[in-house]
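In: What shape does this take:
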Amino acid sequence: MHQAYLLTGRRRLSQEAVERAFHHAWQHWAEVARDRDPAGWVRAVAYDHALSPWHRLRPTHRHPDAPPVEHDRRALLDVLLSLPPSYRRTLLLYDGLGLDLPETAAETEASTPAAARRLLHAREAVAVRLPELADAGGLQKRLAALVGSGPAMAPSPARAVRTGGERRARLWTRAAIVVTTLLIGVTAVAAITSPGEYRAPVAPGRPVDGVPPAAGPEKLSDGNEALRDRLRSGPAAGPGRLLPQLR
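Out: Numbering: from 1, shown residues only. As a prediction, the model looks like this:
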């Protein structure tokens, strides 16, 4: 938790990162048990969660906590938080925890030359702000002391953390089952209501062998309209004729 605090400057986020790391480890215990460094596996997950950029969108984790009272600790913490996350992580692993360069590169998912360059740039940035820490040995001692005696934080009991992880796993499993059931139901309804055979769409009319398509009655010309009006105005039975009369 002290290591996560040096990466974030937030006590609550540090505790959350460590608890999430153990939750993740219990859910993937088969992978953790085969790893040559289980503690490093959990530490890498905690660092990833602590340095996630999405925490900037959370109001509770948007701003760091109050800095330490001691001037030396506050100055070094301010310098660490001003470094890019990759430099901060590399410096903490190599100079703060004492990992060698290949292990630091593996845990930060970088090549060994890239990890070495990050470490050199991080040390240069610290030396510019704190000239008394230009020596690598002095920086390592200060970082080790800062990791070993961080702010007072009360971690949750191990049983409570594990119970919370199991509860979270059950909730995610149930949510996955519900979503899968809904997808199956929607697929079944679509299969039942969809037509059982293919119905080709009706193609628009087009001329065939020079015959125009049927498009309804043609428009009457002026002469035809006059003839129609004349027929409508005349006797319905034509010219007058003899009709039988009933008496």
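
In: who does the longest helix along the chain touch, helix- and strand-wise?
Out: Secondary structure of the chain read by DSSP state H shows that its longest helix is helix 158-193. Contact here means 3 or more C-beta pairs under 8 Å, 6 or more residues apart in numbering; DSSP states H and E; on that basis helix 158-193 packs against helix 11-27. In this view, the C-beta of every residue, glycine as well, is placed from N, C-alpha and C.

In: mind listing what's buried in the helix or strand just after the helix it packs on?
Out: The C-terminal neighbour of helix 11-27 among helices and strands, as given by DSSP states H and E, is helix 29-34. Neighbour-count burial for helix 29-34 flags V32 (criterion: 16 or more other C-beta atoms under 10 Å).

In: what's the average pLDDT for helix 29-34?
Out: Mean pLDDT, helix 29-34: 88.

In: can you list the domains in this structure?
Out: Domain segmentation of the chain under automatic domain parsing yields 2-155, 157-187.

In: before we move on, the earlier item: chain center to the longest helix of the chain, what's the gap?
Out: From the chain centre to the centre of helix 158-193 is a distance of 19 Å (C-alpha atoms, centre = their mean, to the nearest Å).

In: sorry, back to before: name the stretch among the domains of the chain that sits most buried.
Out: Mean neighbour count (mean count of other C-beta atoms under 10 Å) peaks for domain 2-155 among the domains of the chain, with a mean of 16.

In: Three-state assignment for the residue nearest the centre of the chain, please.
Out: Centroid-nearest residue in the chain: W54, 9.3 Å away (criterion: C-alpha atoms, centre = their mean). Look at W54: counting by DSSP: H, G, I helix; E, B strand; the rest coil, its state is helix.

In: What sits closest to L139 if chain neighbours are left out?
Out: Using C-beta to C-beta, 6 or more residues apart in numbering and skipping residues adjacent in sequence, the residue nearest L139 is L133, 4.5 Å away.

In: show me where pLDDT drops low in the chain?
Out: 205-216, 234-247 (pLDDT under 70).

In: which residues in it form helices?
Out: Assigned by DSSP H, the chain shows helices spanning 2-8, 11-27, 29-34, 38-50, 71-82, 85-91, 101-107, 112-129, 136-148, 158-193, 222-233.

In: And those helices: which comes nearest D65?
Out: In terms of C-beta to C-beta, the element of the helices of the chain nearest to D65 is helix 11-27, at 5.6 Å.

In: Could you check the angle that closest one makes with helix 158-193?
Out: Put simply, helix 11-27 runs at 70 degrees to helix 158-193, going by axes from the mean of the first three to the mean of the last three C-alpha atoms, to 10 degrees.

In: Give the other helices and strands that helix 11-27 contacts.
Out: Secondary-structure packing of helix 11-27 (3+ C-beta pairs under 8 Å, 6+ apart): helix 2-8, helix 38-50, helix 158-193.

In: In CSV: the ones you listed, plus distance to A114.
Out: Converted to CSV, those look like this (distance: least, C-beta to C-beta, whole Å):
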stretch, distance to A114
helix 2-8, 19
helix 38-50, 16
helix 158-193, 33
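
In: G148: which of these is closest?
Out: Closest of the helices and strands packed on helix 11-27 to G148 is helix 2-8, at 7.3 Å (criterion: C-beta to C-beta).

In: how about the helices of the chain in CSV, adding distance to P59?
Out: Output for those, formatted as CSV (distance: least, C-beta to C-beta, whole Å):
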stretch, distance to P59
helix 2-8, 15
helix 11-27, 12
helix 29-34, 33
helix 38-50, 17
helix 71-82, 19
helix 85-91, 21
helix 101-107, 31
helix 112-129, 29
helix 136-148, 28
helix 158-193, 22
helix 222-233, 78
